[in-house]
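Colleague: structure for this input, please:
(4 chains)
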There are 4 protein chains.
Amino acid sequence: MTGWRGGAAAVATLTFDVDAETPVLAEDPGYAEHLATMTHQSYGPDVGVPRILDTLDDLGVPATFFVPGWVAEHRPGLAASVVERGHEVAHHSYAHRPPTSMTPEEERADFERALEVFAAQGIEVAGHRAALWAASRRTPDLVAGYGLRYDSSLMADDRPYRIATRHGEIAELPVHWSLDDWEQYAFLPRPRIGSVIESPEKALELWRAELDGMRRYGCLFNLCSHPFLTGRPGRIMALRRLIEYALDRGDVRFARCREVADAAMADQELPARPVPASPDYR
Amino acid sequence: MTGWRGGAAAVATLTFDVDAETPVLAEDPGYAEHLATMTHQSYGPDVGVPRILDTLDDLGVPATFFVPGWVAEHRPGLAASVVERGHEVAHHSYAHRPPTSMTPEEERADFERALEVFAAQGIEVAGHRAALWAASRRTPDLVAGYGLRYDSSLMADDRPYRIATRHGEIAELPVHWSLDDWEQYAFLPRPRIGSVIESPEKALELWRAELDGMRRYGCLFNLCSHPFLTGRPGRIMALRRLIEYALDRGDVRFARCREVADAAMADQELPARPVPASPDYR
Amino acid sequence: MTGWRGGAAAVATLTFDVDAETPVLAEDPGYAEHLATMTHQSYGPDVGVPRILDTLDDLGVPATFFVPGWVAEHRPGLAASVVERGHEVAHHSYAHRPPTSMTPEEERADFERALEVFAAQGIEVAGHRAALWAASRRTPDLVAGYGLRYDSSLMADDRPYRIATRHGEIAELPVHWSLDDWEQYAFLPRPRIGSVIESPEKALELWRAELDGMRRYGCLFNLCSHPFLTGRPGRIMALRRLIEYALDRGDVRFARCREVADAAMADQELPARPVPASPDYR
Amino acid sequence: MTGWRGGAAAVATLTFDVDAETPVLAEDPGYAEHLATMTHQSYGPDVGVPRILDTLDDLGVPATFFVPGWVAEHRPGLAASVVERGHEVAHHSYAHRPPTSMTPEEERADFERALEVFAAQGIEVAGHRAALWAASRRTPDLVAGYGLRYDSSLMADDRPYRIATRHGEIAELPVHWSLDDWEQYAFLPRPRIGSVIESPEKALELWRAELDGMRRYGCLFNLCSHPFLTGRPGRIMALRRLIEYALDRGDVRFARCREVADAAMADQELPARPVPASPDYR
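Modeller: Reported below is the predicted structural model:
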């Protein structure tokens, strides 16, 4: 089988960003006093993740879990339990603060701190996703500089592509807002993280349409779900139906991100897309 | 029958938050001068509640009405009429101000003032729901300290769970934004309480999906409706269809919150989930 | 035939608020320099109204047009053309400024100025709707004081009701956000008047659901449409289908607002609902 | 065949606004440092445009691409590749700044700068669309003054109409928010350009409804798509289905904007609609 898709019409990476309390605490640590907000978030690792792992087992598909270092540190068995079930754990910052809001020193320190947590837990990470996908101009260099092989935060294509950094090339596994459960399901008044709660049926319709288009165009269906959102009963059932739909097509390959990244780096027909230069605008 | 579900696949608690004018007055007492806003709210107890009571009678299902003390006080027969029809009345603050915005003294005073109203009306209350679900770190202690047996404001699970307080354990009957009619139907420009008015058909699709998922996972379908929203003709018909759908499944048990709380406290297989500690974040 | 519905299951009043440029100019007169915004609004009277009148003719149903005095004044033939086609013209303020934002003197002056425009054009008006439905505590007194027989801005019920004013009783024909095309269709970034553009199919589903509920509960289906919104080709086709649906039911009576108001005042079984008192809240 | 529609029930102009990075940089040049935002935008010309051109080829329909001068300048082959495939390129400002926010001198300079870019590339432009459709009171004069034959930014009708300017008449090919993919698909948190991501199925339902209404009323179906939005796999499939639906009707004529403008100017039955006068409001 040649090419990054290994003969499939499209490749699907099921990714789960196990943010837990970090996105609301990054917004304002004062939310720690707001019990509804805190429990809304803790539901993700405590109820959603086990349910997701069982669903993946049922269906026999692999996945990738992006975990902030803070979350791995404060729930010691979490990352290991994901790896034991055959899935990948990847770097998702330490504290879920957006790199675009940090100084270079802060971004590096946060990046390293997460690596230390994973090293201490014996978890090997091969890739990275920026908190809020808000990669800074320095992020790709950090990813390559610390020996990771891929990033998954940018949107220049809907197939994997190569990015040149100061420390060599890495693969980019692009994301997109339309393949994220946040825009469909997230609702929280304080902090305000969304305004409409869509039906799982609508999310399923949207994701099926995108999957079918991607099967036609040979793309990476890189779905980003959050256990505190997709872990809810009605939504996990919709995710199950989506995976079953893809399996029934017979031409969709499910893979962990690191495998896709390696296949992409070996496929010279995939494009290289430089980190966007600072534009000459006015 | 053993276990909190008594043999059913899922348990459904129909809850109605009879907020009337309190949410807008809590936002700004000046809205008293805005007649459209005020009548939008008064429709709840005056038109919605009788229609809801008739619907529950028709279908033969019990429910729980969370009533702010101010509302019970200013509409003297309201709480009694709910109890007479066989339903439960529970504590929903006095003035519908969020505990997270109050000092400890203010929260306690508001909590007590509601209890006094219900005592004066001879209404026994066994449980509590925080205004806007915005429980503070002190709320569970107040609930237990004043002898109530359950709270229904948090989200750490989708089954009932036990919370330890300074005054002993209480049951938590968890809520969720996706099982609230506010996110589907609420619209008001001043104060701005929502931005999209969904079709009752969409709300029904969403709640059916969640109910079906909960039947699979053995959860508490704790639906929160507001008479000023769900009392509208098209929406009450959708609620009726939802209840009929659940009854037709044959494996959903309808119960008042207090009964579920008691069954949950007696079921040692349900988890205990501590009030989230103040997190060590940075 | 006894009762305000004259034997029908529900009564439908098709109302059109011919706001033209007034809502954006009331927000900020500077929008006069923004041609897209201005033409977005002028489309209402210039393209939408003739199309609506033709549709009503086709279907043989009467309607009520609420017209700001400024609009009637600046498009001299407009109000007369509505009356000639057999419909009612009613008072919708002069400048479409919300009464809740005006002093008593400003509100009275605006109210009178609109009356003068209609008097000068020989248009008899019997009812009133507040701009943005934002009636002040003084508005019902003005309506009655100037000899009008009904208001249509409040929401205390979904059947007509009586309001006592200093100058005697008037009928209230209640509105509701869910029966307004603004929440379904309005979008304009400057000024921001909405954020989501729904499909006409969704609006039709919502209004049909409400109509069916109102047929069951014996209500007033008081639909508020805006020619700059509903006048668009796809939307007027949906309105046509809605009217055809109602006609096909055989139990919905279409009427002008003034007829409904008179029938309501003659029906002693309809409730009186006082203007909400200034609440004793804290 | 007489009349601007040449015998068709409706005329369809497929237009693509190739904004690339300009809308976010116009908001704040600092977004250049936000890689997800930048690549979200670069996807438009780099991935979306080739895919759109192939789709148009497949279906054999012509289109019009509105390109900011900055985008044509920074992607030298782009405009030429559009023209080579048989489509029209038109003026869409230089830097995608809204004219309503510019001084007269700034607006003229921006307008000229784009013309210079197209002249240098040998691209003849016949029409103009204002950035964000935010035409100022001066814009129509600029369009006519520089010898262009049409504008496509205003909304006074849903058929083409004539506008008198200081430099003679031009055609206006009106747009509308409901025929724009931005309101259906755009989502970006920084800058915030939208809040809900609709399913392609919903957008298709909306646009079909509008097309069918326009076939009845003899209108211009002037669809505005953005390659960074509609270029996504699931959405381009929906656009394909929409075009196929229109072709299957047999009474929809597809044309480039410049052809529609010329036909409109030759059809004296189309209305003249003056640029709205500065209103006498209060």
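Colleague: interface residues of chain A facing chain C?
Modeller: Within reach of chain C by C-beta under 8 Å from any C-beta of the partner chain, chain A has these residues: residue A:196. Quick note: C-beta positions are derived from backbone N, CA and C, even for glycine.
Colleague: for the residue of chain A found nearest chain D, give me its contacts.
Modeller: Closest approach between chain A and chain D, counting by C-beta to the nearest C-beta: residue A:213, at 2.7 Å. Residue A:213 makes contact with A:219, D:232, D:233, D:234, D:235, D:236, D:237, according to C-beta atoms under 8 Å, 6 or more residues apart in numbering or on different chains.
Colleague: which residues does the closest residue to it other than its chain neighbours contact?
Modeller: Take residue A:213 and drop its neighbours on the chain: the residue closest to it by C-beta to C-beta, 6 or more residues apart in numbering or on different chains is residue D:233, 2.7 Å away. Contacts for residue D:233 (C-beta under 8 Å, 6+ apart) come out as A:158, A:210, A:212, A:213, A:214, A:216, A:217, A:219.
Colleague: now, of these, which are buried?
Modeller: When neighbours are counted using 16 or more other C-beta atoms under 10 Å in any protein chain shown, the contacts of residue D:233 contain these buried positions: A:158, A:210, A:212, A:213, A:214, A:217, A:219.
Colleague: pull the most distant pair out of those.
Modeller: Maximum pairwise distance in the buried ones among the contacts of residue D:233, criterion C-beta to C-beta, is 13.2 Å, between A:158 and A:212.
Colleague: strands along the stretch 1-150 of chain A, start to end?
Modeller: Assigned by DSSP state E, counting those that start in this stretch, the strands in the stretch 1-150 of chain A fall at A:10-17, A:64-67, A:88-91, A:127-128, A:150-151.
Colleague: which strands or helices does the last one pack on?
Modeller: This points to strand A:150-151. Using 3 or more C-beta pairs under 8 Å, 6 or more residues apart in numbering or on different chains; DSSP states H and E, the elements in contact with strand A:150-151 are strand A:127-128, helix A:139-145, strand A:168-172, helix A:257-265.
Colleague: in whichever helix or strand comes after it, what's buried?
Modeller: On the C-terminal side of strand A:150-151, the closest following helix or strand by DSSP states H and E is strand A:161-165. Using 16+ other C-beta under 10 Å as the burial criterion, the residues of strand A:161-165 that qualify are A:161, A:162, A:163, A:165.
Colleague: can you pull the phi/psi pair for the nearest residue to residue A:162 once chain neighbours are set aside?
Modeller: Nearest residue to residue A:162 in three dimensions, chain neighbours excluded: residue A:272, at 4.3 Å (C-beta to C-beta, 6+ apart). Dihedral pair for residue A:272: phi -90, psi 130, per degrees, to the nearest 10.
Colleague: need the pLDDT of residue A:272.
Modeller: pLDDT for residue A:272: 92.
Colleague: distance of it from residue B:52?
Modeller: Distance from residue A:272 to residue B:52, counting by C-beta to C-beta, to the nearest Å: 62 Å.
Colleague: what about those two, which has more around it?
Modeller: The residue with more neighbours, out of residue A:272 and residue B:52, is residue B:52; 25 against 11, by other C-beta atoms under 10 Å in any protein chain shown.
Colleague: my read: the more buried one touches residue B:228, true?
Modeller: No. Contact criterion C-beta atoms under 8 Å: residue B:52 and residue B:228 do not qualify, at 11.0 Å.
Colleague: for residue A:175, give me its contacts.
Modeller: Contacts of residue A:175 (C-beta under 8 Å, 6+ apart): A:129, A:133, A:152, A:153, A:154, A:155, A:222, A:224, D:36.
Colleague: the third one: neighbouring residues, count only.
Modeller: Same thing as residue A:152. Around residue A:152 there are 29 other residues, counting by other C-beta under 10 Å.
Colleague: isn't it right up against residue A:179?
Modeller: No. With contact defined as C-beta under 8 Å, residue A:152 does not count as touching residue A:179 (11.3 Å).
Colleague: overlap in contacts of these two?
Modeller: residue A:222.
Colleague: and the helices and strands packed on strand A:150-151, which is most packed in?
Modeller: strand A:127-128 (a mean of 27; mean count of other C-beta atoms under 10 Å in any protein chain shown).
Colleague: do it and chain D meet?
Modeller: No. Figure legend: strand A:127-128 not in contact with chain D (C-beta under 8 Å from any C-beta); closest approach 12.9 Å.
Colleague: over to stretch A:137-146?
Modeller: Yes. Judged by C-beta under 8 Å from any C-beta, stretch A:137-146 comes into contact with chain D at A:137, A:139, A:140.
Colleague: mind putting the contacts of residue A:175 in JSON lines, distance to chain B included?
Modeller: JSON lines is the format used below for the contacts of residue A:175 (distance: C-beta to the nearest C-beta, whole Å):
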{"residue": "A:129", "distance to chain B": "20"}
{"residue": "A:133", "distance to chain B": "21"}
{"residue": "A:152", "distance to chain B": "25"}
{"residue": "A:153", "distance to chain B": "22"}
{"residue": "A:154", "distance to chain B": "27"}
{"residue": "A:155", "distance to chain B": "26"}
{"residue": "A:222", "distance to chain B": "24"}
{"residue": "A:224", "distance to chain B": "19"}
{"residue": "D:36", "distance to chain B": "24"}
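Colleague: rewinding a little: now for the contacts of residue D:233: which two are most distant?
Modeller: It's A:158 and A:212 that sit farthest apart of those, by C-beta to C-beta, at 13.2 Å.
Colleague: so who does residue A:231 touch?
Modeller: Here residue A:231 is in contact with A:43, A:44, A:47, A:48, A:49, A:51, A:52 (criterion: C-beta under 8 Å, 6+ apart).
Colleague: quick one: which of the residues of stretch A:137-146 next to chain D is nearest residue C:118?
Modeller: Nearest to residue C:118 among the residues of stretch A:137-146 next to chain D, with distances taken as C-beta to C-beta, is residue A:137, at 63.3 Å.
Colleague: next up, phi/psi of that closest one, please.
Modeller: phi -60, psi -20.
Colleague: for it, give me its contacts.
Modeller: Taking C-beta under 8 Å, 6+ apart as the definition, contacts of residue A:137 comprise A:275, A:278, D:33, D:35.
Colleague: only whichever of those residues are buried, select them in ChimeraX.
Modeller: Buried members of the contacts of residue A:137, defined by 16+ other C-beta under 10 Å, are picked up in ChimeraX with:
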select /A:275 /D:33,35
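Colleague: okay if I get the contacts of residue A:137 as a markdown table plus pLDDT?
Modeller: Listed next are the contacts of residue A:137 as a markdown table, based on pLDDT from 0 to 100:
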| residue | pLDDT |
| --- | --- |
| A:275 | 88 |
| A:278 | 87 |
| D:33 | 95 |
| D:35 | 97 |
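Colleague: about what we covered before: ok, and the most crowded of the contacts of residue A:213?
Modeller: Neighbour counts for the contacts of residue A:213 (other C-beta under 10 Å) peak at residue D:232, which has 28 neighbours.
Colleague: near the closest residue to that one other than its chain neighbours, how many other residues are there?
Modeller: Using C-beta to C-beta, 6+ apart and skipping the chain neighbours, the partner closest in space to residue D:232 is residue A:178 (6.4 Å). Counted with other C-beta under 10 Å, residues neighbouring residue A:178 total 22.
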